[in-house]
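Trainee: With the sequence up front, the predicted model follows.
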Amino acid sequence: MELFGIPIVQVYLFTLIIAGIATLLYVFLSDLADGIGEGIPFLDPAVILAYITFVAAIGYIAELVTAWNSWLILGVALAVAFILDLLLYFFILLPLKSAEVSLAYTDESLAGQVAKVIVPVPVDGFGEIVIESVNGILSKRASGYENTAIEYGKEVLIIEVRNGTFIVKEYEPFRFK
């Protein structure tokens, strides 16, 4: 079979090469086209390029390996590529999009967490606390809530952050009696 005077095998091969190059370009420049597929997930360039690549690859291999009719090969390539594209989207792309995690934090985002006093907090003074988080162990300057003193080794609750100083109160966990 020929398409535009070119054998269908070459059409599949050229399409595969062009779609592969476009996929590589998309990988490197995806931040520019990030919002395209937000509303309708199947308009995501990664999904469309993967579909075209799958169709071209399956069609090219089937034309070389089998003696099937070219229309049958195209139909099989379209169907198998659709299934592979669905699997790619639901099992790889979708989990990757929802797994986006940042290690960045702000001091204000640490409010409400429990920390441990490593330098005692005096009345009207500053001590030091450590906070265990996904970012590792963070050491921060602390002052007592309502100017209270807190001893070494006590667990404290971070109430707020003022000018880089963590305002803390001794932590009293809730217990059922």
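Mentor: Now that the structure is in, tell me what you want to look at.

Trainee: how far is whichever strand or helix holds A22 from where the chain is centred?
Mentor: Take DSSP states H and E as the rule and A22 turns out to sit in helix 8-29. Here helix 8-29 shows a centroid-to-chain-centroid distance of 26 Å under the convention CA atoms, centre = their mean, to the nearest Å.

Trainee: for stretch 169-177, same thing?
Mentor: Here stretch 169-177 is found 36 Å from its chain centre; the criterion is CA atoms, centre = their mean.

Trainee: swap in stretch 72-82?
Mentor: 31 Å.

Trainee: what does stretch 144-153 give?
Mentor: 39 Å.

Trainee: contact partners of stretch 46-62?
Mentor: 8-9, 12-13, 15-16, 19-20, 22-23, 26, 30, 37, 41-42, 68, 73-74, 76-78, 80-82, 84-85, 88-89, 93 (CB atoms under 8 Å, 6 or more residues apart in numbering). C-betas here are computed from N, CA, C, even on glycine.

Trainee: Just the CA atoms of that stretch, as PDB, please.
Mentor: Extracted C-alpha coordinates of stretch 46-62, given in PDB (Å, rounded to 0.1, in the frame of the first residue of the first chain):
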ATOM      1  CA  ALA A  46       2.600  13.600  26.300                       C
ATOM      2  CA  VAL A  47      -0.400  11.400  25.700                       C
ATOM      3  CA  ILE A  48      -0.900  12.500  22.000                       C
ATOM      4  CA  LEU A  49       2.800  12.100  21.200                       C
ATOM      5  CA  ALA A  50       2.900   8.700  22.900                       C
ATOM      6  CA  TYR A  51      -0.100   7.600  20.900                       C
ATOM      7  CA  ILE A  52       1.400   8.700  17.600                       C
ATOM      8  CA  THR A  53       4.700   7.000  18.500                       C
ATOM      9  CA  PHE A  54       2.900   3.700  19.400                       C
ATOM     10  CA  VAL A  55       0.900   3.700  16.200                       C
ATOM     11  CA  ALA A  56       3.900   4.300  14.100                       C
ATOM     12  CA  ALA A  57       6.100   1.800  15.900                       C
ATOM     13  CA  ILE A  58       3.400  -1.000  15.900                       C
ATOM     14  CA  GLY A  59       2.600  -0.300  12.200                       C
ATOM     15  CA  TYR A  60       6.200  -0.300  11.100                       C
ATOM     16  CA  ILE A  61       7.000  -3.500  12.900                       C
ATOM     17  CA  ALA A  62       3.800  -5.200  11.700                       C
END
